[in-house]
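> just coords:
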DNA sequence: TAGATTGTTAATCGATTAACAATC
DNA sequence: TAGATTGTTAATCGATTAACAATC
């Protein structure tokens, strides 16, 4: 084992195509990048309510962060507010989308069409937020050939062809932990740029591939830590 | 709005019932707590392979972190290794479980039995890792009364009674964003200690309640950031 | 102008990493 | 004893926060 680690919420100093005139390159810290989707969500909610302008106070409250942090985060993207006035909701939303790379719809392939894969394939939040599910893959012959969310489930062998034919740049792994690394390797080999895995397993990937891991049971275990009262381990 | 924010991956300086003799209280940093489930996973995998001893190098590689970080993290829990020898796999796993509060099985209620709620209710990884799903709730009369994963779905009104009757300490929100805050308030009112939400919305909760938020579309957007090549925004 | 709110600076705080003394 | 590996220290690094000068 000598490829890179997963679970790295932070992959170092990413650069960003210059939205500032001149194409100058700016660096957005990983912790900021991770909060941008939340800001975008809040901006869309404001826009839906008809708001034209917002302030760092208001937007921060909606996103659940402090206003100092919000302003600091936005400052990495550029200067999109007006002092004494605030931010133009629509314009700021657009800028955040540009930075996140959401001006083009990304294509997603889901591997593992069990309960979770099913749910993800049918999730409308993907389409709403810039992603198109363009392919479904499963290793189980009983599942292959069935139609889920309007797509016919393909066999595992079809994965590379599917990724290339559809131009998918993101793979989602919704298989059990046992199969996750094999699926991951296949996705990497097929050329995806990012992988979102729900399998409870650490994945090894080459450095040019980005992995994000969501482990539902781990989230519950972290919650359990804070609920550790009367667990029987008291002593004095 | 004057309750607290959500999305706080880190709720400050949690204390831990003293596993060290004397009941002395120790503090485990949030970032360390967040990695403990991964270590536990790796330890269980090692145990399943028959390993009796492991080293910080081996365990760290399995969990996808550096060995220095692993040792630092474990040092917050106590001194459970032997210099020159390594860690006893079974014993260390047990200690991590004690710290995470997994010696008692926690009871979980799921609200929102759509595609995702369905998948979560049926997810075997919960039972395997210390949690029992003891109640399902949905607002849709067409869903109420149906049986999912061996449980009859209850109406929203039944939530407080259900939480109390089952002694659930964790609530999972799998509803659309629009209903999330109402559900959250009801869970808090019913007395849960922690909430895991999949709804794309910031939740306000009182300070004694812990919230963790998983937003699948946000994860994809973060991946999209790293895939921001040829998005058309180049300038020079 | 007076009031408001940004963008940035500087201070603080927490997390990571490398190195090594302690010790099995 | 010699070799191995932990637990801890100290240095570095990055993230957060508060305060305020710039400016609308």
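The structure has been received and is ready for your questions. Computed from a predicted model, the values in this text were never measured in an experiment. Numbering: from 1, shown residues only, chains lettered A, B, ... in the order given.
> and the longest helix along chain A, is it in reach of DNA strand C?
As assigned by DSSP state H, the longest helix anywhere in chain A is helix A:30-48. No. Helix A:30-48 is not in contact with DNA strand C by Cβ under 7 Å from any atom of the strand; minimum separation 10.1 Å. Heads up, the C-betas are built off the backbone N, CA and C, glycines and all.
> other SSEs contacting the next helix or strand after that helix?
Sequence order places strand A:53-54 as the next helix or strand after helix A:30-48, per DSSP states H and E. Counting contacts by 3 or more Cβ pairs under 8 Å, 6 or more residues apart in numbering or on different chains; DSSP states H and E, strand A:53-54 packs against strand A:86-88, helix A:89-100.
> Tell me the strands beside strand A:53-54, with direction?
strand A:86-88 (antiparallel) (DSSP bridges).
> So what's the gap between the strand it pairs with and the chain middle?
With Cα atoms, centre = their mean, to the nearest Å as the basis, strand A:86-88 stands 26 Å off its chain's centre.
> Reduced to three states, what does the residue lying closest to residue A:138 once chain neighbours are set aside come out as?
Excluding the flanking residues, the one nearest residue A:138 by Cβ to Cβ, 6 or more residues apart in numbering or on different chains is residue A:113, at 4.3 Å. When classified by DSSP: H, G, I helix; E, B strand; the rest coil, residue A:113 comes out as coil.
> Pretty sure residue A:113 sits against residue A:174.
Yes. Contact criterion Cβ atoms under 8 Å: residue A:113 and residue A:174 qualify, at 7.4 Å.
> check which helix or strand covers residue A:58.
Counting by DSSP H and E, residue A:58 is part of helix A:56-63.
> can you check residue A:70 too?
Assessed by DSSP H and E, residue A:70 sits inside helix A:67-77.
> For that helix, name the packing helices and strands.
strand A:26-27, helix A:30-48, helix A:56-63, helix A:89-100.
> can you put those in TSV and add mean neighbour count, mean pLDDT and distance to residue B:48?
Formatted as TSV, those follow (neighbours: other Cβ atoms under 10 Å in any protein chain shown; pLDDT from 0 to 100; distance: least, Cβ to Cβ, whole Å):
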stretch	mean neighbour count	mean pLDDT	distance to residue B:48
strand A:26-27	12	78	42
helix A:30-48	20	98	33
helix A:56-63	20	98	42
helix A:89-100	20	98	40
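> out of these, which comes closest to residue A:207?
If you check each of the helices and strands packed on helix A:67-77 against residue A:207 by Cβ to Cβ, helix A:30-48 wins as the nearest, at 14.8 Å.
> That closest one vs chain B: in contact?
Yes. Interface with chain B: helix A:30-48 contributes A:33-34, A:36-38, A:40-42 (Cβ under 8 Å from any Cβ of the partner chain).
> Regarding chain A, what is its longest strand?
Assignment by DSSP state E gives strand A:131-138 as the longest strand of chain A.
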